[in-house]
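**Q** Need coordinates for the below:
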Amino acid sequence: MLLASLVNMITQMANVFFMGHTGQDVLYVLSLYIPISFLLIALVEALQLSTQVTISRNRGKNQTEISSKLAHYAAGGLLLTIAVGLIVILCVPLFRYYYGIADSVHPLFSGYVRGMMIAAIPTVLGAIANAALRGLGMAQQASIIAVGTAAVNVLLVYLLVRVIGLSLSGIVYANMISGLLSLAAAVIYLIRTGHLKLPPRVWRMSQLILLRHVGVPVFVSYCLIFLSTLFYNGIISPYGESVIAGFGVGYRIQTMAILPGIVIGSAIGIIINQNMAEKKGERAYEGFKTGMQHSYAAYVLIAAGVWLFKDSIVSFLIVEEAARQEAAQYLSIVAPSYILMGPLMTALLTMEQTGQGYRALLLNSVYFILIVTAGFGMTSLLDQPEAFYWCIFFANLAGASVIIPTFRMYKKRYVQAASDPDHRAQEKVFSPQA
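**A** This is a model prediction of the structure:
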């Protein structure tokens, strides 16, 4: 699943590269769309994680039962995607009012949003089918499909945008085609291996029980990111299209920069759960400590690399001068804080993987509320977008204050619990909050 998320982010950066060499209006619309994209990411992540866990837990059962569960998730995913898409499309006039989108840009924005909501249907269904492959232990096949369809997506965007000149419509068509290919490849493989058969036509909500325990916290977390980025764009929207476009590119680069922290956090979670399954609390804590040390070491290099090469990175992605300067300005202020922000993401992802999902959600909420509140206040006071960037910088520094208490929490839960024979470890091998 981590590979699928990584491939998705690389595909988005490729889209930014191709669009960054077309025009400012296109890049501006892409930046406005960032918050909306997190709603779709929320659906994909929640459904694919729930599907993977459900199928994995039922691998030993008969194929009809597995097919039934997969069919329920596919039907639920289809209905949820259509519902979210309709809500977003109906809210387009509100987005226009909130952002103050000019009449000349509105048709481009509304058309792109409608197209992406339609393209989301095969994308979500393809993610569910690929998650079923991973749940059945066929991670290699799922990885081949993910990487292959991502390569097709990038190639299609290049052909449709750069060669044919379809602009944003090219991204819509590329996503739709690659999503259909991913869905078809996964379904064909499931059928050929005998894991997908015609299930009974009976709807049972009990089949979706893990969607509530596994998917909902993940979905809420990404909805929180949707709200925060929506407010972020609202904070900087008074400063013009170039500022929004530049901030959008800088924020996407930041999202790529924090991916290693997410990967390390997920790996730590796996190590902890494996050790707790064997009642090895001290080894679980050592795994957490070692993983965090690796995260700190990695982010010294990542923060330095992004800060030192910010101009080259931004110039490679976009050509419009004003937006390029704004993106570089954002990274020049915020990138040094990645030294602490990266390990913070690692700690939060570890919490989500080890039964502390709602605690991580609470900390994320405080983090985003702090940025939004301070951002609105400081930009109103100083009337400069840089004031908002400094708010993000200091929030990243302040957020790192939770890392030491996290160390203490895990030491208490694992080391002290292991040394007390009368104390039963509270950690679960599988967390419904993960």
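
**Q** Tell me where the stretch 101-250 of the chain has helices.
**A** Secondary structure of the stretch 101-250 of the chain (DSSP state H, counting those that start in this stretch): helices located at 106-135, 139-157, 168-192, 209-210, 216-236, 241-277.

**Q** Make JSON lines from those helices and add mean pLDDT, distance to Val26 and mean neighbour count to it.
**A** All C-beta spots, glycine's among them, are computed from the backbone N, C-alpha and C. Listed next are the helices of the stretch 101-250 of the chain as JSON lines, based on pLDDT from 0 to 100; distance: least, Cβ to Cβ, whole Å; neighbours: other Cβ atoms under 10 Å:
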{"stretch": "helix 106-135", "mean pLDDT": "92", "distance to Val26": "7", "mean neighbour count": "22"}
{"stretch": "helix 139-157", "mean pLDDT": "88", "distance to Val26": "12", "mean neighbour count": "19"}
{"stretch": "helix 168-192", "mean pLDDT": "92", "distance to Val26": "6", "mean neighbour count": "20"}
{"stretch": "helix 209-210", "mean pLDDT": "53", "distance to Val26": "40", "mean neighbour count": "17"}
{"stretch": "helix 216-236", "mean pLDDT": "85", "distance to Val26": "16", "mean neighbour count": "20"}
{"stretch": "helix 241-277", "mean pLDDT": "85", "distance to Val26": "9", "mean neighbour count": "22"}
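
**Q** contacting residues around Val249?
**A** Residues in contact with Val249 (Cβ atoms under 8 Å, 6 or more residues apart in numbering) are Val16, Gly20, Leu27, Ser31, Val314, Leu317, Ile318, Ala323, Ala327.

**Q** what sits against the closest residue in space to the fifth one that isn't next to it in sequence?
**A** When the adjacent residues along the chain are set aside, Val314 lies closest to Ala327, with 4.5 Å between them (Cβ to Cβ, 6 or more residues apart in numbering). Under the criterion of Cβ under 8 Å, 6+ apart, the contact list for Ala327 reads Gly246, Phe247, Val249, Gly250, Ile253, Lys310, Val314, Leu317, Ile318.

**Q** Surely the second one touches Glu326?
**A** In this case it means Phe247. Yes. Using Cβ atoms under 8 Å as the test, Phe247 is close enough to Glu326 to be in contact (6.2 Å).

**Q** Give the residues shared as contacts by the two.
**A** Counting by Cβ under 8 Å, 6+ apart, the common neighbours of Phe247 and Glu326 are Pro385.

**Q** do you know how far Ile129 is from Met176?
**A** Careful, residue 129 is Ala; it's not Ile. Here the criterion is Cβ to Cβ, to the nearest Å. By it, Ala129 lies 16 Å from Met176.

**Q** Kindly report the same for Ser242.
**A** On the measure of Cβ to Cβ, Ser242 and Met176 end up 30 Å apart.

**Q** re earlier: ok, the contacts of Ala327 vs Val53, which is closest?
**A** Nearest to Val53 among those is Ile253, at 31.5 Å by Cβ to Cβ.

**Q** Thr149 and Leu181 touch, don't they?
**A** Yes. Using Cβ under 8 Å, Thr149 is in contact with Leu181, at 5.3 Å.

**Q** For the two, list the residues in contact with both.
**A** Shared contacts of Thr149 and Leu181, defined by Cβ under 8 Å, 6+ apart, comprise Gly126.

**Q** burial of Ser380, as a residue count?
**A** The number of residues packed near Ser380 is 11, by other Cβ atoms under 10 Å.

**Q** Just the buried positions in the helix or strand hosting it, please.
**A** If you go by DSSP states H and E, Ser380 is part of helix 357-382. Residues of helix 357-382 classed as buried: 357, 359-361, 363-364, 367-368, 370-372, 374-375, 378-379 (neighbour count, 16 or more other Cβ atoms under 10 Å).

**Q** swap in stretch 395-403?
**A** Within stretch 395-403, the residues that qualify as buried are Ala395, Asn396, Ala398, Gly399, Ala400, Val402, Ile403, counting by 16+ other Cβ under 10 Å.

**Q** From the chain's centroid, how far away is it?
**A** Distance, stretch centre to chain centre, for stretch 395-403: 21 Å (Cα atoms, centre = their mean, to the nearest Å).

**Q** What would it look like as CSV? C-alpha coordinates only.
**A** Written as CSV, here are the backbone C-alpha positions of stretch 395-403 (Å, rounded to 0.1, in the frame of the first residue of the first chain):
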residue,chain,number,x,y,z
ALA,A,395,4.1,25.0,14.0
ASN,A,396,6.5,22.3,12.7
LEU,A,397,8.9,23.2,15.4
ALA,A,398,6.2,23.2,18.1
GLY,A,399,4.7,19.9,16.8
ALA,A,400,8.0,18.2,17.5
SER,A,401,7.3,18.7,21.2
VAL,A,402,5.1,15.6,21.2
ILE,A,403,8.0,13.3,20.2
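
**Q** Pull the residues that contact it.
**A** So stretch 395-403 is contacted by 292, 334, 337-338, 340-341, 343-344, 347, 363, 367, 370-371, 374 (Cβ under 8 Å, 6+ apart).

**Q** picking up where we left off before, look up phi and psi at the residue nearest to Val314.
**A** Dihedral pair for Ala327: phi -60, psi -40, per degrees, to the nearest 10.

**Q** per-residue pLDDT, it?
**A** On pLDDT, Ala327 comes in at 93.

**Q** and it, how far is that from Gly126?
**A** 31 Å.

**Q** if we can go back for a sec, just put the helices of the stretch 101-250 of the chain in TSV and tack on distance to Gln52.
**A** Formatted as TSV, these follow (distance: least, Cβ to Cβ, whole Å):
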stretch	distance to Gln52
helix 106-135	4
helix 139-157	9
helix 168-192	12
helix 209-210	10
helix 216-236	12
helix 241-277	13
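
**Q** For Ala387, which of those is the nearest?
**A** The nearest among these, by Cβ to Cβ, is helix 216-236 at 9.4 Å.

**Q** Next, the angle from that closest one to helix 241-277.
**A** Relative orientation of helix 216-236 versus helix 241-277 (axes from the mean of the first three to the mean of the last three Cα atoms, to 10 degrees): 160 degrees.

**Q** just checking, what packs against helix 216-236?
**A** With contacts defined as 3 or more Cβ pairs under 8 Å, 6 or more residues apart in numbering; DSSP states H and E, helix 216-236 has these neighbours: helix 24-57, helix 92-99, helix 241-277, helix 338-353, helix 357-382, helix 385-399.

**Q** That concludes my questions; thank you for your assistance.
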